[in-house]
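S.K.: Give me coordinates for this.
(2 chains)
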Amino acid sequence: MFRFLRRNAAGYVFLSPWLVGFVFLALGPILASLYMSFTRYDMVSPPVWDGLGNYQYMFEHDRRFWKALQVTFTFVAFSVPLRLAMALGVAMLLDKGLRTIGLYRAIFYLPSLLGASIAIALLWREMFGVDGVVNGALAMIGIEGRGWITDPDTSLYTIVILAMWQFGSPMLIFLAGLRGIPRDLYEAAEIDGTSKWRQFWRITLPMLAPVVFFNLVLQTIEAFKTFTSAFIISNGTGAPADSLLFYTVYLFNEAFKFFRMGYASALAWVLLIIIAVFTALAFATSKYWVHYENERD
Amino acid sequence: MKLTRRLFLGSMGTATAATILPAFPAFAQDRSIRHFWWGNPTRDKNTFNVIDLFQGANPGIKVSGETIGWGDYWTKMATQTAGGNMADVIQMAHTFIHEYVGRGAIKPLDEFVGNGIDLSNYDAGANDVGTIDGKLYGINIGSTTQAIPYNIRAFEDAGIDVDTLAWTTEDLAAACAAITEKSGGAMTGSEDLSLYLENFEVWVRSTGRDLYSEDGKLEMTAEDVQSYWEFWGGLRDAGFVEGKDATVILDKGMADLGITKGTTAMTFRYANQVGAVQSLMTDPVGAARVPQRPGTGNGHYVLPSMFLCMTRDVGDIDAANAYIDFWINNPEALKSLGIDRGIPPSQMGRDAIEPTLSDVDKNVVAFFGGVQDQVGPVPNATPKGAGEVRDAFMRTGTDVVLGNMPADEAAGQFIQDAESILIRANR
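M.R.: Numbering: from 1, shown residues only, chains lettered A, B, ... in the order given. Model (predicted):
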């Protein structure tokens, strides 16, 4: 042990800024939240041990927990494929070798920087409101608008559109991936008279599979964690009629509005497990559809 | 080699210590207190004005004021409570005071009364609501009551001649119809108040019951809720109140109210807020009582619209006492505050503000005097979980407003939800 330390001390010292941060700012709170998930804790008086009480209540009695899951899963199912498709589409347009590509890249990345902000969420609320621009535009082509955000049937999809618009980071990764595809594959295909459509399905997509996989995993995790836009657009409540009750919004309310830190911790751990399961699923299925260039089989 | 590494490690250690040390706060030189309140532009201006006056009179004490809207206030308050860094002096509402006192976050003030805080000017009973289990936790800084702010010009245009201190729900319905028809639909009579629990409370109380019983259970019934939602549903179906898209936006800011936007002639507020409504519109605003069903009792009550509280995390108690005392006894401070936080609960305070009242303030003061003979007793204390019940009321009500659920079914479901919320919050 002593020898080990002596040999590696310098390494740990170099690591220490990160290590100290990790232990005190990440690992510590994570373990504390695991403990708290088995307690009732109102943040002022000390936590009271409650065994599996929180988890039991969640699965057996909490209707809003199930509602929050339904909203979040619906959001993930729509927003992830749409955002990836959008990102890939724009990346392919930009891959045509424009001279000012740097500029376009920056322009298309911009929404991702802005999209998670409060200002954009507020803007969205105005745009899709009864007197918003969206209804104004629809009126011009003779369609009568509605309160897109105040109607529980459509409110979630306005946030899906917001998410779709923030395609910047997967787009950059797709762009890098597209650059890595050898051009001679396309040349060979051209010579054989293959259509563009077929080239996409037979060359681009398979060659890009590892990048698609990477983006899929990251974006799915990201989507499960969506918070700001839903919180702002629904005034922090998940309204109208819980149609915007994202899992994280529910968790936040339980913790900071109703003082149930223990229950909120339990919710957080369930979300962690859900995300882990989905990530594991993606990895498990990946061997059937993701192939790496230098892999031997 | 060995030596250099030691040397290196040593210097690294020093460097690490040097980066960590500044994280500890330097001890403050001056005395300072923090005051946190929820506000609106008018109120924030008044309050910062009082802070300046106080600092002028007490040069050794610095007051930092923090303000935010009502909705975010409670989130921030909860976070600060959990983090142990509540402001020294906070503004508190009667709906939340029991929750915070019950959690030990508020400091009792009895030992400071007459010994830093002078309450000798106060009306008898003015601090009853802020006294919990025999201890004084919240100092009343203004009394208020429920009110229907109405657009006086719209009422006159529609030829509505009714005593708004005695009117009934039938009169309200007739007024809504008249205003809507007179304006050709450009202005409806009122906001749809289906989701305002505070307005519903008057509806319940007019039957002699409260929202909550003395022992913290529900006292409102499914019939109360159903009849209330059906009353507003009738006006909504007739088109005499604002449409559903505006209705389902919860806890609207002052600028989003139908009356300030000019889309409706009425809304619900507490009386002290009528001045803030007026500040956002040009038509004159009056205050009417919440209309009650014919043949029912008094639903209104007078309550402290806000309290000043000292928190568990208070640093400089003497400075905080001096600040609180300044708020309630300094005539200049009282003048600056006006009636935005409610009518001062002392004759001295009312005399101080009298010459400064604007037209709308005079309406409010007259209204406040006019409803005095119709107020009932102060309601039972709100139990823990009342805030969540309020959310459930708005959520279920939204389904009724949008036509997703009939009022009777929704009322039953709400009562069921509210019961389980209270059980869970108080176990």
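
S.K.: going forward, measure contacts and count neighbours with C-alpha atoms only.
M.R.: Will do.

S.K.: Now for the residue in the stretch 1-150 of chain B positioned nearest to chain A: which residues touch it?
M.R.: Residue of the stretch 1-150 of chain B nearest chain A, by Cα to the nearest Cα: B:A82 (4.9 Å). Taking Cα atoms under 8 Å, 6 or more residues apart in numbering or on different chains, we find B:A82 in contact with A:43-44.

S.K.: How about the helix or strand where it lies, which residues are buried there?
M.R.: Assigning secondary structure by DSSP states H and E places B:A82 in helix B:70-83. By 16 or more other Cα atoms under 10 Å in any protein chain shown, the buried positions in helix B:70-83 come out as B:73-75, B:77-79, B:81-82.

S.K.: again with stretch A:208-219
M.R.: A:208-213, A:215-217, A:219.

S.K.: do the same with stretch A:58-65
M.R.: Neighbour counts over stretch A:58-65 (16+ other Cα under 10 Å) mark A:58, A:65 as buried.

S.K.: count of neighbours near A:P182?
M.R.: Neighbour count for A:P182, taken as other Cα atoms under 10 Å in any protein chain shown: 11.

S.K.: cool, and B:P379?
M.R.: Neighbour count of B:P379, defined by other Cα under 10 Å: 20.

S.K.: returning to that earlier point: adding pLDDT, write the buried residues of helix B:70-83 out as a markdown table.
M.R.: As requested, the buried residues of helix B:70-83 are arranged in a markdown table below (pLDDT from 0 to 100):
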| residue | pLDDT |
| --- | --- |
| B:Y73 | 91 |
| B:W74 | 86 |
| B:T75 | 83 |
| B:M77 | 90 |
| B:A78 | 83 |
| B:T79 | 84 |
| B:T81 | 87 |
| B:A82 | 80 |
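
S.K.: Which pLDDT value goes with A:A241?
M.R.: Looking at A:A241, its pLDDT is 87.

S.K.: Start and end of stretch B:125-137, how far apart?
M.R.: 14 Å (Cα to Cα, to the nearest Å).

S.K.: near chain B, which residues of chain A?
M.R.: Listed as neighbours of chain B in chain A under the rule Cα under 8 Å from any Cα of the partner chain: A:10, A:13, A:43-45, A:130, A:147, A:150-151, A:235, A:239-242, A:256-259.

S.K.: circling back: ok, the buried residues of helix B:70-83 vs A:L156, which is closest?
M.R.: Distances from A:L156 to the buried residues of helix B:70-83, taken as Cα to Cα, are shortest for B:T75 (23.9 Å).

S.K.: Test my guess that that closest one contacts A:F259.
M.R.: No: contact between B:T75 and A:F259 fails when scored by Cα atoms under 8 Å: they sit 9.8 Å apart.

S.K.: Any regions of the stretch 151-297 of chain A where pLDDT drops low?
M.R.: Across the stretch 151-297 of chain A, the ranges flagged by pLDDT under 70 are A:293-297.

S.K.: where do the helices sit along it?
M.R.: A:155-165, A:168-179, A:183-191, A:196-199, A:205-224, A:228-233, A:247-256, A:261-289 (DSSP state H, counting those that start in this stretch).

S.K.: tell me which residues in the strand or helix carrying B:I328 are buried?
M.R.: In this assignment (DSSP H and E), B:I328 forms part of helix B:317-329. Buried residues in helix B:317-329, counting neighbours by 16+ other Cα under 10 Å, are found at B:317, B:319-329.

S.K.: How about stretch B:166-175?
M.R.: Residues of stretch B:166-175 classed as buried by neighbour count (16+ other Cα under 10 Å): B:167-168, B:171-173, B:175.

S.K.: Now, the residues you listed that are in helices?
M.R.: Those of those mapping onto helices are B:171-173, B:175, per DSSP state H.

S.K.: burial count for the closest residue to chain B within the stretch 101-250 of chain A?
M.R.: Using Cα to the nearest Cα, the closest approach of the stretch 101-250 of chain A to chain B is made by A:A241 at 5.1 Å. Using other Cα under 10 Å, A:A241 has 24 other residues around it.

S.K.: try B:Q413
M.R.: Burial of B:Q413 is recorded as 16 neighbouring residues (other Cα under 10 Å).

S.K.: Check the gap between A:I30 and A:P240 for me.
M.R.: Note on A:I30: its distance to A:P240, by Cα to Cα, is 32 Å.

S.K.: Equivalent analysis for B:V225, please.
M.R.: From B:V225 across to A:P240, the span is 19 Å (Cα to Cα).

S.K.: next one: B:N321
M.R.: B:N321 is 43 Å from A:P240, where distance means Cα to Cα.

S.K.: and if you look at B:A392?
M.R.: For B:A392, the distance to A:P240 (Cα to Cα) stands at 12 Å.

S.K.: Those two: which has the busier surroundings?
M.R.: Legend: neighbour count by other Cα under 10 Å for B:A392 and A:P240, higher for A:P240 (27 against 19).

S.K.: residue contacts, that one?
M.R.: A:149-152, A:155, A:234, B:248-249, B:395, B:398.

S.K.: Let me have those in CSV, extended by distance to B:Y122 and neighbour count.
M.R.: CSV is the format used below for the contacts of A:P240 (distance: Cα to Cα, whole Å; neighbours: other Cα atoms under 10 Å in any protein chain shown):
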residue, distance to B:Y122, neighbour count
A:I149, 48, 29
A:T150, 46, 27
A:D151, 49, 20
A:P152, 49, 20
A:S155, 50, 22
A:S234, 42, 25
B:V248, 40, 26
B:I249, 39, 19
B:R395, 40, 22
B:T398, 42, 28
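
S.K.: Let me know the closest of those residues to B:T67.
M.R.: A:S234 (21.9 Å).

S.K.: List the contacts of the closest one.
M.R.: Per Cα under 8 Å, 6+ apart, neighbours of A:S234: A:240, A:244.

S.K.: Three-state assignment for B:T67, please.
M.R.: Look at B:T67: counting by DSSP: H, G, I helix; E, B strand; the rest coil, its state is strand.

S.K.: Also near chain A: which of the buried residues of helix B:317-329, exactly?
M.R.: Applying Cα under 8 Å from any Cα to the buried residues of helix B:317-329, none is adjacent to chain A.

S.K.: Among those residues, find me the one that's closest to chain A.
M.R.: B:I317 (20.8 Å).

S.K.: Excluding sequence neighbours, find me the nearest residue to B:N363.
M.R.: Leaving aside its sequence neighbours, B:N363 sits nearest to B:G286 (Cα to Cα, 6 or more residues apart in numbering or on different chains; 6.2 Å).

S.K.: That neighbour bridge partners, please.
M.R.: B:Y150 (DSSP bridges).

S.K.: That one: how many residues sit nearby?
M.R.: If we define neighbours as other Cα under 10 Å, then B:G286 has 25 of them.

S.K.: Is it correct that it is in contact with B:N151?
M.R.: Yes: between B:G286 and B:N151 a contact is recorded at 6.5 Å, counting by Cα under 8 Å.
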